[in-house]
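*Asks:* The sequence and its predicted three-dimensional model are supplied below.
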Amino acid sequence: MNYPKEMCLFLLQNKALIEKENLIEQVEKVVFKAINQTIEKRIGPRNPWRSRFALVSGDEEGNEDTFFAPLEWPVKPDTNDLVGYQLWESEKDVNDYWLAHAFGLNGATLCFDFWMDARPGGPSKIQGQAAA
């Protein structure tokens, strides 16, 4: 994993921060709270949409994802989303920290991913009606 020289020097000069608490996770929560709020503000005028804005920062309902979809898009009977957009990483498992994706480290970046709960080649989870 590569880190910028300035970050390494800062941490070497401030060792107490490393020993006291996980600095990256604390910074991640602050950064992603701001990112989620910005996305929420941008999505807001597109109501009525289902949405959660809690990737990394979490919310009161215990969600830890940033997801949004028009209300007319299908959901499972237990109100789980079947399709929508999510704030996600462009490459899976490149780094354990979302902050690395936000900075574009190691080739991964944040993106808006069109997500679908589907079974490729299997029956549809949504019961449709044939056109008459």
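*Replies:* Great, that's in hand.

*Asks:* Just the mean pLDDT for the helix ranked longest in the chain, thanks.
*Replies:* Longest helix in the chain by number of residues (criterion: DSSP state H): helix 23-43. Along helix 23-43, the predicted confidence averages to a pLDDT of 89.

*Asks:* Only the buried residues of that helix, if you could.
*Replies:* Buried residues in helix 23-43, counting neighbours by 16 or more other Cβ atoms under 10 Å, are found at 28, 31-33, 35-36, 39. C-beta coordinates here come from the backbone N, C-alpha and C atoms, glycine included.

*Asks:* got a list of contacts for stretch 38-49?
*Replies:* In this structure, residues lying in contact with stretch 38-49 by Cβ atoms under 8 Å, 6 or more residues apart in numbering are 51, 53, 66, 68-71, 87.

*Asks:* tell me the two of these that are most distant?
*Replies:* Looking at these by Cβ to Cβ, the two members farthest from one another are Leu71 and Leu87, with 19.4 Å of separation.

*Asks:* Compare the two and say which is more crowded by neighbours.
*Replies:* Neighbours per residue, other Cβ atoms under 10 Å: of Leu71 and Leu87, the larger number sits with Leu87, 23 against 9.

*Asks:* The helix or strand encompassing the more buried one: what's the following helix or strand?
*Replies:* For Leu87, the enclosing helix or strand under DSSP states H and E is strand 83-89. Secondary structure here is assigned by DSSP H and E; on that basis, the next helix or strand after strand 83-89 toward the C-terminus is helix 98-102.
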